[in-house]
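Peer 1: structure, please.
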Amino acid sequence: MTKLSVELERYFFEEERASDVKLADILSLAGERIFGFLFIILALPSALPVPAPGYSVPFGILMFILAIQLAAGYKVLWFPERIMKGSIKLETVQKFLEKGLPWLKKIETLTRPRMTYICTSLPGRVVIGVAIALMSIFMMIPIPGTNTLPAIGIFVTAFGLQEDDGFISLGGLVICLIAGTMSTLIIFLGKEVIGEIFRFIKWFLGS
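Peer 2: Numbering: from 1, shown residues only. The predicted model follows:
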């Protein structure tokens, strides 16, 4: 199976493309690995340590729709026609991929098929789908500090799903749990309060 990073480099950098990339084009590229592939692509802008204003909400909506279908056991994806016809500038996609491909390649060196039942069984895909759906909701909340960590959780979980690596997906689910806890605290207590708590912990530990 061709590495995801190789496919993305070929499709978005080596071959001639129109100036706008449509969701339908990406679906055709994904093939049988549709769920993991799309989650990785959609989570990448918000997971990167670079500003990505304006993408967390629309991409969060797409991932929520996708996650519900994964949890429901869908094999063929459905998106509203308006979303299927939506597009994003090729230049924008290339910009994010230039930042994200080095990370993809690093993770690819660690992945291999193991604990595959987590990624292939219905119970495993239900858990992954529900976790990603919840992280997608947190990504859509317009509060600073609730976007990046949930996106990273989705990204890592999806990479395991993409490569049938249940161990990586479990790691991603742990990140999702931490992200959900942190985002909930930020929503109810506020970012400043969370900062004070961490400063107190550091002082208490003498660091």
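
Peer 1: quick check: V57 touching M140?
Peer 2: Yes: judged on CB atoms under 8 Å, V57 makes contact with M140 at a distance of 5.0 Å. (Each C-beta comes from the backbone N, C-alpha and C, glycine too.)

Peer 1: which one of these two has more residues nearby?
Peer 2: M140 (18 against 15; other CB atoms under 10 Å).

Peer 1: where does the residue lying closest to G171 once chain neighbours are set aside land in three-state SS?
Peer 2: Setting aside the residues directly before and after it, G171 is nearest to V156 in space (CB to CB, 6 or more residues apart in numbering), at 5.9 Å. Here V156 is recorded as helix under DSSP: H, G, I helix; E, B strand; the rest coil.

Peer 1: V156 is in contact with F167, isn't it?
Peer 2: No: using CB under 8 Å as the test, V156 is too far from F167 to be in contact (10.9 Å).

Peer 1: low-confidence regions, the chain specifically.
Peer 2: 1-2, 28-32, 49-54, 143-146, 189-207 (pLDDT under 70).

Peer 1: do a quick rundown of the strands in it.
Peer 2: Along the chain, counting by DSSP state E, strands occupy 20-22, 87-89.

Peer 1: just these: most buried one?
Peer 2: Neighbour counts (mean count of other CB atoms under 10 Å) averaged over each of the strands of the chain peak at strand 20-22, with a mean of 17.

Peer 1: what's that one in contact with?
Peer 2: Identification of contacts with strand 20-22 by CB atoms under 8 Å, 6 or more residues apart in numbering yields F12, M84, K85, G86, S87, I88, K89, L90, V93.

Peer 1: name the nearest residue to the fourth one, ignoring sequence neighbours.
Peer 2: What it means is G86. Leaving out its chain neighbours, the residue that sits closest to G86 by CB to CB, 6+ apart is L23, at 5.8 Å.

Peer 1: gap between stretch 98-106 and the chain center?
Peer 2: Its chain's average C-alpha position is 14 Å from that of stretch 98-106, according to CA atoms, centre = their mean, to the nearest Å.

Peer 1: what sits up against the longest helix along the chain?
Peer 2: Across the chain, the longest stretch assigned as helix under DSSP state H is helix 166-189. Here helix 166-189 makes contact (CB under 8 Å, 6+ apart) with 107, 110-111, 114-119, 124, 127-128, 131-132, 134-135, 138, 141, 143, 145-146, 149-150, 152-161, 194.

Peer 1: also stretch 33-49?
Peer 2: If you take CB under 8 Å, 6+ apart as the criterion, stretch 33-49 is touched by 4, 26-27, 29-31, 52, 55-56, 59, 62-63, 66-67, 70, 77, 96-97, 99-100, 103-104, 132, 139, 147-148, 150-152, 154-155, 157-163.

Peer 1: now with 7 Å?
Peer 2: 4, 26-27, 30, 52, 55-56, 59, 62-63, 66, 70, 77, 96, 99-100, 132, 139, 147-148, 151-152, 154-155, 158-159, 161-162 (CB atoms under 7 Å, 6 or more residues apart in numbering).

Peer 1: centre of the chain versus the longest helix of the chain, how much separation?
Peer 2: 13 Å.

Peer 1: for I154, which non-adjacent residue is closest in space?
Peer 2: A43 (4.1 Å).
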